[in-house]
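Asks: Have a look at this prediction, sequence included:
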Amino acid sequence: MTRIRALLAVVCVTLPAFPSLLPAEQAKPAAPQPTGALAAILAKIPNDDAAAAGAAYKDLVALGPQGIKDLAALLVEPGPVDDSRARFAFHGLAIYVARPGAEAERMMFCETVRGLLAGPAPASIKGFFLRQLRLAGCPKAVPAISALLLNEELCEYAAQTLVTIGGDEARAALRQALANAQGKCRLTIIQNLGVLRDAQAAPELMKVTTDSDREARLAALWALANIGDAAAADTILKATEAQGAYERAKTNDAALLLAQRLGEAKKAREAEQIYRALWKAAADPKDRHVRCAAIRGLAAVLGAGAMDDLVAAMKGDDPQVRAAAAEAALAMPGEAVTQKWIQHMKTLPPAACGDVLAMLGRRGGPAAEDAVIEATRDADASVRLAAIQAAATLSDEKAAAAIMTLLTSAVRPEQEAARAALGRMPGDKVTAAVAAAVASAAPAAKRELLGILAARGARAHLDVLLAAAKDADPGVRAAGMAGLESLGDEKTLPALLRLLVKAAPEDRQAAEKTVGAVCSRAGNKDAAADLVIKAMSGVGAPTRAALIRVLGTIGGEKALAEVRASAKDMEVDIQDAAIRAMADWPDAAVAADLLEIARTNPRPAHQVLALRGYVRLANVPAGRPVAEKLKMYQEAMAVARRPDEKKLVLGAMGDLKSPEALQRVVPFLADENLKEEASAAAVKIAKALNGNPKAAIQNAMEKVLAASKNAGTRKDAEDVLKKLK
């Protein structure tokens, strides 16, 4: 019942609009109207409530055959009359009676509709009845349906309904109709006999294979193939010799289908003969898809017995055919098959060896792994590269160790391939093997291995990265820090802070960047800030400045208190670090500080930093009201001392959709140093205002035209004025 309700609910939401929902001038003529109980039921259909819809169909079934006939009488041919409600109800009823446990209701529905098929209804409505019988499934309706197989308008619906019903009677009906069918109906019957895989129809279908009608001939060949009629093999293979590309493609498909069906029927010898015939005939490169299918088919029916065929295919020049052979080989189970391929590799050209190595890598197993590792030392460069790429599919420490030896290869493509392979090789064992190799590796290899650990997200091996960050080699130290920057967590923060405090000048920037990245990911911001503040004790100015900048990545009150104090430090570098940290602060808590620095700090660089930070914070948080933003921009403009700073503020004001912002920008049109930036901002605001208030916008644009020399700005201003008219 749940399933039928779900189906009814889907049908409910797909019903076309009724005439009552259309404008009066578009309303369709009225459909025949139901009366009595039927009218009351149809008033409840469709219904978004599946339970209510089910109840309505239950009531409809209760009306019996006469109710169904009365409902059918409401159907009309497609045209101006809208019968969609009746069609909807009839369709829903077919679904309803098909539910489990409703056999009596289904039979009543089928018997009634079978009678309607014999009645005087137009063909289009009978086609609708046939589609509903497909949903309900009505074996006893086969005779009535069969009577329509020769009807040009209904044969397709009738044949499809018989296929859905299935069974011996349906197959017999299609066979009997074939003898007298013509044109479209004949083609439909042939196709559906194939769909039903009616072996008894094979003799009659064989006669059609010599027909003058190409489409009927091709349909018969396909039907025979789908039936799996071994006696049709020679006929179908002969047909593949057709000259026309379309007919050759269709008959090749039929031959492949027949071989597949024979293989499924355990007739391996007959299937093999077809596949071999197709392989031999499809020598033209444009028929490579046939060869690919044939080699896969041979492998499917012969198993390991097709090994020689697959090897022969591997020796060919066509990469698509080789790929098909490799895929077929991959599907063959067993270590013995793997061993055979390893032996055959010795006789294959390099390109084919690459295909086999890729297949062996995917097969896996000890023998395959050994072969792949051995091939990384092959004399042929292309084979070595293929082996490295194949190793990427393995997940064993042994394979990882072999690839690691190539990280410092003098041959750059192999070095890059090894790096990529180690990055892709699956499994924690590989990651552990890479981590274990770091300690004893030479500096160049160590740098590569550290990069691979970072790429693999090796958070379980942060100790290896921490050790590398203290290495004597500068490149190794940098690689360790880079890995910690992406993978480090709060547990590593104390160790990272110690590294930063002790870092040589040349390493300090990398250490600061790493600590900042880890702090930005910290879940407990205050705890991270406490650790950083504690690390400041007794350090020199350069290190203290670095730690202050780190506090800027953390945010929060604890960090801010320390940064505020540092902004007043007598040491210029400390003060500079603090102001820079506040200029990039993650929230607006420092807005007042920045404005005060911009107003009072004697150093121009600090004034500019603070002003830029303050202007940025006008958009933090993102939902700050426009009036508040404008107020902050006005405050920034009041403390701005140089034209460049004022231009910055004007540019920000241009992003405001506000008449007040336009009013504040206009006076700057008279400033020779600022007129172009003011003009651009005024035009941008005016565009956003969309003509309201008209007078203010018109006045501003006229002043822009008087002040600006920029052709683009002037054109935009003129466009705004035109839209005001």
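Replies: Structure received.
Asks: Got phi/psi on Ala711?
Replies: phi -60, psi -40 (degrees, to the nearest 10).
Asks: Could you check how far it is from Ser679?
Replies: Taking CB to CB, to the nearest Å as the measure, Ala711 falls 12 Å from Ser679. In this view, the C-beta of every residue, glycine as well, is placed from N, C-alpha and C.
Asks: more neighbours, those two?
Replies: Legend: neighbour count by other CB atoms under 10 Å for Ala711 and Ser679, higher for Ser679 (30 against 8).
Asks: can you map out the strands along the stretch 351-500 of the chain?
Replies: For the stretch 351-500 of the chain, no strands are identified by DSSP state E, counting those that start in this stretch.
Asks: Find me the pLDDT at the closest residue to Leu196 other than its chain neighbours, would you?
Replies: Spatial nearest neighbour of Leu196, excluding adjacent residues (CB to CB, 6 or more residues apart in numbering): Arg171 at 5.3 Å. Among the per-residue scores, Arg171 shows a pLDDT of 96.
Asks: same question, Leu21
Replies: Confidence at Leu21, expressed as pLDDT, is 37.
Asks: swap in Gly488?
Replies: What the model reports for Gly488 is a pLDDT of 96.
Asks: surely it meets Leu496?
Replies: Yes. Here Gly488 reaches Leu496: they are 6.3 Å apart, a contact under CB atoms under 8 Å.
Asks: shared neighbours of the two, which are they?
Replies: Thr514, Val518 (CB atoms under 8 Å, 6 or more residues apart in numbering).
Asks: So which of those two has more stuff around it?
Replies: Comparing Gly488 with Leu496 by other CB under 10 Å, the one with more neighbours is Leu496, at 27 against 24.
Asks: for the nearest residue to the more buried one once chain neighbours are set aside, what are its contacts?
Replies: Nearest non-adjacent residue to Leu496, counting by CB to CB, 6+ apart: Val515, 5.0 Å away. Contact analysis of Val515 by CB under 8 Å, 6+ apart lists Leu493, Leu496, Leu497, Leu500, Val532, Val550.
Asks: and if we set it to 10 Å?
Replies: Contact analysis of Val515 by CB atoms under 10 Å, 6 or more residues apart in numbering lists 481, 484-485, 488, 492-493, 496-497, 499-501, 503, 528, 531-532, 535, 546-547, 549-550, 553.
Asks: ok, now Met570?
Replies: Contacts for Met570 were tallied using CB under 10 Å, 6+ apart; there are none.
Asks: need the helices for the stretch 551-700 of the chain, in chain order.
Replies: Along the stretch 551-700 of the chain, counting by DSSP state H, counting those that start in this stretch, helices occupy 557-566, 572-583, 591-600, 604-617, 626-639, 643-653, 659-665, 675-689, 694-707.
Asks: What's the local residue count around His91?
Replies: For His91, the count of nearby residues is 17 (other CB under 10 Å).
Asks: which stretch of helix or strand covers it?
Replies: Here His91, judged by DSSP states H and E, is contained in helix 84-97.
Asks: How about Ala299?
Replies: helix 288-302.
Asks: Domain parsing of this structure, as residue ranges.
Replies: 1-137, 654-725 (automatic domain parsing).
Asks: Worst mean pLDDT among the ones you listed?
Replies: domain 1-137 (a mean of 82).
Asks: same for the longest helix seen in the chain, what does it pack against?
Replies: In the chain, taking DSSP state H as the definition, the longest helix is helix 245-264. Using 3 or more CB pairs under 10 Å, 6 or more residues apart in numbering; DSSP states H and E, the elements in contact with helix 245-264 are helix 214-227, helix 233-239, helix 268-281, helix 288-302.
Asks: Ok, which of these comes nearest Val572?
Replies: Proximity to Val572 (CB to CB) singles out helix 288-302 among the helices and strands packed on helix 245-264, at 73.7 Å.
Asks: other SSEs contacting that closest one?
Replies: helix 245-264, helix 268-281, helix 307-314, helix 319-330.
Asks: mind checking which of those helices is nearest Arg288?
Replies: Proximity to Arg288, assessed across those by CB to CB, is greatest for helix 319-330 (5.4 Å).
Asks: just how off-centre is whichever helix or strand comes after that closest one within its chain?
Replies: Toward the C-terminus, helix 319-330 is succeeded by helix 335-344 as the next helix or strand (DSSP H and E). Relative to its chain's centre, helix 335-344 lies at 38 Å (CA atoms, centre = their mean, to the nearest Å).
Asks: what's the angle from helix 335-344 to helix 319-330?
Replies: Relative orientation of helix 335-344 versus helix 319-330 (axes from the mean of the first three to the mean of the last three CA atoms, to 10 degrees): 140 degrees.
Asks: List the buried residues of helix 335-344.
Replies: Within helix 335-344, the residues that qualify as buried by neighbour count (16 or more other CB atoms under 10 Å) are Val337, Thr338, Lys340, Trp341, Ile342, His344.
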